[in-house]
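1. whatever this is, show me its structure:
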Amino acid sequence: LDILEGIDRDRYQVTLVVELGGGDSWQKRFEACVDEMFVLPRFLPEHGRMAFLESLLISRNVALVFNRNTSIGYQAIGSWRRRFSEIRCVDLLHSHFGGQDWVQASAPYHQDLDRRFVVTEELLEYSASTYALPRSSFRVVHCGVDTSCWNRSKVMAGASRREMGIDPSVPLVGFVGRLA
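-> A predicted model of the protein is given here:
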């Protein structure tokens with residue numbers, strides 16, 4: 001959502017294509033950030049999806065394809081880069097699971113991507129060392145983190161401990177992330 005919310009809709013038309021179905025709890029939030037949204041499993045059998053994506057690409061005069069964790073996206077990018085040289089293709093990787101992950105799934109399409117984004121330095125190192133992908137083709141972005149809010153100079157040391165009544169000598173572990 002952070003990425004979609006950050007796109008200037010006066011300058012860009014945003015089309016979101018969702019490969020996998022799921023609960024509808026998220027849909028309204030995404031619809032508010034895009035001009036149009038297609039949830040493929042709701043209206044199209046798997047065998048017709050690649051043709052539909054290509055028709056979107058052509059009819060919308062797409063300039064940038066942003067892929068995040070979709071097999072069909074990587075397959076499409078591989079095909080489109082050879083046929084439509086003006087299109088730019090990027091992806092975002094946010095995790096790995098030791099060989100059964102999106103870094104592995106995306107590696108065969110690495111040469112077709114103009115830019116690759118990862119959310120941590122560790123993921124960049126993993127991608128480069130495990131799959132021999134050049135570090136220079138990745139850029140680390142810390143999406144979802146408001147760096148103006150999480151600024152040490154704006155926080156009084158020990159304030160959270162005092163608010164929660166935790167003794168300064170007791171170890172305190174903080175976690176910022178997504179449990180899934």
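
2. what residues does the longest helix seen in the chain touch?
-> In the chain, assigned by DSSP state H, the helix with the most residues is helix 71-83. Identification of contacts with helix 71-83 by C-beta atoms under 8 Å, 6 or more residues apart in numbering yields 19, 49-50, 53-54, 57, 65, 67, 87, 89, 91, 105-106, 108-109, 112-113. Glycine gets a C-beta too; all of them are placed from N, C-alpha and C.

3. tell me the buried residues within those residues.
-> Buried by 16 or more other C-beta atoms under 10 Å: 19, 49, 53-54, 57, 65, 67, 87, 89, 91, 106, 109, 112-113, out of the contacts of helix 71-83.

4. give the rounded mean pLDDT of the following helix or strand past the longest helix of the chain.
-> Counting by DSSP states H and E, the next helix or strand C-terminal to helix 71-83 is strand 88-93. In this model, strand 88-93 has a mean pLDDT of 94.

5. for stretch 63-81, same thing?
-> 91.

6. that one: which residues count as buried?
-> In stretch 63-81, counting by 16+ other C-beta under 10 Å, buried: 65-67, 69-70, 72-77, 80-81.

7. send the alpha carbons of the longest helix of the chain over as CSV?
-> Output of helix 71-83 as CSV, limited to C-alpha atoms (Å, rounded to 0.1, in the frame of the first residue of the first chain):
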residue,chain,number,x,y,z
SER,A,71,4.9,-16.2,-11.2
ILE,A,72,2.9,-15.0,-14.1
GLY,A,73,4.5,-11.6,-13.7
TYR,A,74,8.0,-13.0,-14.1
GLN,A,75,6.9,-15.1,-17.0
ALA,A,76,5.2,-12.2,-18.7
ILE,A,77,8.2,-9.9,-18.2
GLY,A,78,10.5,-12.5,-19.8
SER,A,79,8.3,-12.6,-22.9
TRP,A,80,7.5,-8.9,-23.1
ARG,A,81,11.1,-7.6,-22.8
ARG,A,82,12.0,-9.4,-26.0
ARG,A,83,9.0,-8.0,-27.8
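
8. run through the residues that contact the nearest residue to L93 once chain neighbours are set aside.
-> Excluding the flanking residues, the one nearest L93 by C-beta to C-beta, 6 or more residues apart in numbering is V118, at 5.0 Å. Taking C-beta under 8 Å, 6+ apart, we find V118 in contact with L92, L93, H94, L124, S127, F138, R139, V140, V141.

9. go on, S106?
-> Contacts of S106 by C-beta under 8 Å, 6+ apart are Y74, D91, L93, L113, R116.

10. between the residues you listed, which is nearest I7?
-> D91 (16.4 Å; C-beta to C-beta).
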